[in-house]
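Enquirer: Starting from these lines, generate the structure:
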Amino acid sequence: MRRLWFIVMVLASLSPAIEITPDEVQLGYSENVPWTSEKGGFQGTYRSAGPASSVGEKTATWTITVPEPNRPYTVQATWVSSRVNASDAPFHIFDGLSPIKTVKVNQKRAPRGEKVKNSIFQDLGTFLIQGKTMRVVLTNQADGIVVADTVRAKPAR
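Expert: Sure thing, here's the model as predicted:
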């Protein structure tokens, strides 16, 4: 079984971080078809996929069980930047199965924002999550290579 080192972290207010390392797919990270494993990133490895126009559509999904439904959560992502990466990597945010918003990120540039364990996480936005799960789906419907590393969600202040 391929070891994946992605982490989905949910930070509950006044409680320690909950970290999920999806070494087993059911823990929170999945792919519709295999992505390429690369060295580097938040936990030493990340995944990448060429644009859909050249390799077919690929999705990476982080499923996060939120500690408290009916409250806003700030979603953040990190990636390894490169000049060959997409300038429009689309992160789709869902409340359960209901789409909320698509945020396009320039992965040619390094993320800017909060530093966590020697990596920088960029805010994708703050979203009201009414149900018990949030999904973040990254697709390769982009103009270059897309990078799936780590996604975080924490209660908004």
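Enquirer: how much space between the spatially closest residue to Arg71 that is not a sequence neighbour and Gly96?
Expert: Spatially, and ignoring its direct neighbours in sequence, Arg71 is nearest to Pro155 (6.1 Å; CB to CB, 6 or more residues apart in numbering). All C-beta atoms are positioned from the backbone trio N, CA, C, and that covers glycine. For Pro155, the distance to Gly96 (CB to CB, to the nearest Å) stands at 18 Å.
Enquirer: Ok, Glu114 next?
Expert: Separation of Glu114 from Gly96 (CB to CB) stands at 26 Å.
Enquirer: now do Arg157
Expert: Computed as CB to CB, the Arg157 to Gly96 distance reads 23 Å.
Enquirer: Compare the two (neighbour count), which wins?
Expert: Neighbour comparison, Arg157 and Gly96: the larger count goes to Gly96, with 15 against 7 (by other CB atoms under 10 Å).
Enquirer: how close does that one get to Leu124?
Expert: Using CB to CB, Gly96 is found at 17 Å from Leu124.
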